[in-house]
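Engineer: predicted model and sequence below, questions to follow.
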Amino acid sequence: MSHASRVVAVAVSGGRDSTALLHATTRAAKALGVQVVALHVHHGLNPAADQWQAQVERQCARWARDGWPVSARCTRLQGSPSPGESVEAWARRERYAALAHMAQQAGAPLVLLAHHRRDQAETFLLQALRGAGPAGLSSMPREAVRGGLRWIRPWLDQPASAIAAYVARYRLSHIEDDSNHDTRFDRNRLRHDVWPALLAAFAHAESALVQAAHLAQQAQALVDEVAAADVAALRCAEGLLSVAGWLDLSAARRAASLRHWLRQQVDEGVPETLVTRLLIQLPGAKAARWPLDGQRELRLYRGRLECAQRAMLSPTWSPGAAATAQETAPFPLHRPGRWPVPAWGGTLTLSGVDSGGVPVALLERAMLRERQPGDQFQMAPRSLPRSLKKQFQAAAVPAWARGGPLIATADQVVYVPGLGIDARAWAAPGEPQLSIHWASDEPPPSAEKGTLPKER
Ligand SMILES: Nc1ncnc2c1ncn2[C@@H]1O[C@H](COP(=O)(O)OP(=O)(O)OP(=O)(O)O)[C@@H](O)[C@H]1O
């Protein structure tokens, strides 16, 4: 700790372990002339949370009155889990963000957490039960640098009994979090239903699991080192990965470097299902897209894998937004040419023709977009417009040939891959016009080859 920053933060829930850690840190700090700041996060989830915050504030105020160098800072979380996110995951993410913010505000470069040996053994078991590999089995690091702060767990090797003895010796008061008994949460179920039975059958389980976590940390460090070197060698431009070079690697290094590269692109953790999918699909693919989340996707184009915004061709297009969306179209739709569209995994060909095309004037107002529920298509001038689904079925367009962007203006559908040009958009003879053809980069499944009816 530098002279300028003689402040240390302790993350305090008000529970037994963090209360003991705050006490021990404050005692040591007094002798060293260091300031301690207790950081508490009010999750807004438990009806008793106001009392927990009050307990932390009261305790700090009492110790400060006794001449101890300690003060409290608290944050009440706003918001709620996003759809599909568990309350636990949300609370954890927001807690760490709030702790980081408070530590920075207090000028504390270090944040101490009160996890102990049993917490570590539990984490290892929970990770194993989720099917984690060495990264997850590494459990909690003793020390980590994140967001410019050092997060330290000084008691990670301490048994819970040592902390209990400390609390008894100094008669520390602390809260009991009743939600720790709620067995809907994995950790609580493990702690209450499994742990006692496990210890009864394997008395050394705690230390064995902690050792296994330690060995996983070493293995993961090695994997990270190799993967970082591979990714550095495969980087062909900022953020782009050369797939040809990647294919030359052994299977184990392919998997490790892909995970490593994905982690650099995606902050929130990489789903293993995506890694598995890419490991299978990347070797045979020429151009393809894999959705990452609402905003981003992975794109393979010309042998390079990249992570990009999905916004280029807005899936949330609506007629009212047409003017803006059109401005973001990646190329002029009213000029002849062969336009690769990596975001859609194919190529659009526009050719000047004398008949059977779309008026250039209409294409000047057109854009690419996703299909929408109300879209209709008219096959011939004297037929009726019908839903895309019905038209696909009537024309026996196989599912794999229905992909690709729709071409439409704000008020009419112009072209649908697999169906062709909507009859309402046909140009009059002699009018300047273009034919349109969409070709997906992915070859059709061989069994279905040739079943696609010819587009107009
Ligand atoms: N609401 C919170 N505010 C600040 N820090 C917290 C909070 N909840 C947990 N922490 C920190 O994370 C550590 C581990 O959290 P965990 O949920 O296992 O502990 P706990 O059962 O809430 O309390 P304790 O560890 O104090 O007995 C805590 O020891 C503490 O350092």
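Structural biologist: It's in. Residues are numbered from 1 along each chain as shown.
Engineer: helix, strand or coil: sort out residue 397 for me.
Structural biologist: coil (DSSP: H, G, I helix; E, B strand; the rest coil).
Engineer: name the element the closest residue to it other than its chain neighbours belongs to?
Structural biologist: Take residue 397 and drop its neighbours on the chain: the residue closest to it by C-beta to C-beta, 6 or more residues apart in numbering is residue 418, 4.1 Å away. C-beta coordinates here come from the backbone N, C-alpha and C atoms, glycine included. In this structure, residue 418 sits in neither a helix nor a strand according to DSSP states H and E.
Engineer: gap between the closest residue to the ligand within the chain and residue 21?
Structural biologist: Nearest residue of the chain to the ligand (C-beta to the nearest ligand atom) works out as residue 15 at 2.7 Å. Going from residue 15 to residue 21 by C-beta to C-beta, to the nearest Å gives 10 Å.
Engineer: quick one: common contacting residues for those two?
Structural biologist: residue 114 (C-beta atoms under 8 Å, 6 or more residues apart in numbering).
Engineer: those two: which is more packed in?
Structural biologist: Using other C-beta atoms under 10 Å as the criterion, residue 15 and residue 21 rank with residue 21 on top: 25 against 16.
Engineer: what is the helix or strand encompassing the more buried one packed up against?
Structural biologist: For residue 21, the enclosing helix or strand under DSSP H and E is helix 16-32. Using 3 or more C-beta pairs under 8 Å, 6 or more residues apart in numbering; DSSP states H and E as the contact criterion, the elements in contact with helix 16-32 are strand 7-11, strand 35-42, helix 49-65, strand 70-76, helix 160-169.
Engineer: spell out which residues of the stretch 151-300 of the chain are next to the ligand.
Structural biologist: 177, 180 (C-beta under 6 Å from any ligand atom).
Engineer: what's the single longest helix in this protein?
Structural biologist: helix 205-234 (DSSP state H).
Engineer: how about it, which residues are buried there?
Structural biologist: 205-206, 209-210, 212-213, 216-217, 220, 223-224, 227, 230-231, 234 (16 or more other C-beta atoms under 10 Å).
Engineer: tell me the angle it makes with helix 160-169.
Structural biologist: If you take axes from the mean of the first three to the mean of the last three C-alpha atoms, to 10 degrees, helix 205-234 sits at 110 degrees to helix 160-169.
Engineer: now helix 205-234: average pLDDT?
Structural biologist: Averaged across helix 205-234, pLDDT comes to 97.
Engineer: who are the packing partners of the next helix or strand after that helix?
Structural biologist: Following helix 205-234 in sequence order, the next helix or strand is strand 235-237 (DSSP H and E). Counting contacts by 3+ C-beta pairs under 8 Å, 6+ apart, strand 235-237 packs against strand 240-242.
Engineer: correct me if wrong: residue 348 contacts residue 437.
Structural biologist: Yes. Between residue 348 and residue 437 there is a contact under C-beta atoms under 8 Å: 7.4 Å.
Engineer: tell me the domain ranges of this protein?
Structural biologist: 3-181, 238-311, 319-448 (automatic domain parsing).
Engineer: could I get those domains in a markdown table, plus columns for mean pLDDT?
Structural biologist: Formatted as a markdown table, the domains of the chain follow (pLDDT from 0 to 100):
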| stretch | mean pLDDT |
| --- | --- |
| domain 3-181 | 94 |
| domain 238-311 | 86 |
| domain 319-448 | 79 |
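Engineer: next, format the ones you listed as TSV and append distance to residue 194.
Structural biologist: Compiled in TSV, those are given as follows (distance: least, C-beta to C-beta, whole Å):
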stretch	distance to residue 194
domain 3-181	8
domain 238-311	24
domain 319-448	45
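Engineer: thanks again, I'm all set now.
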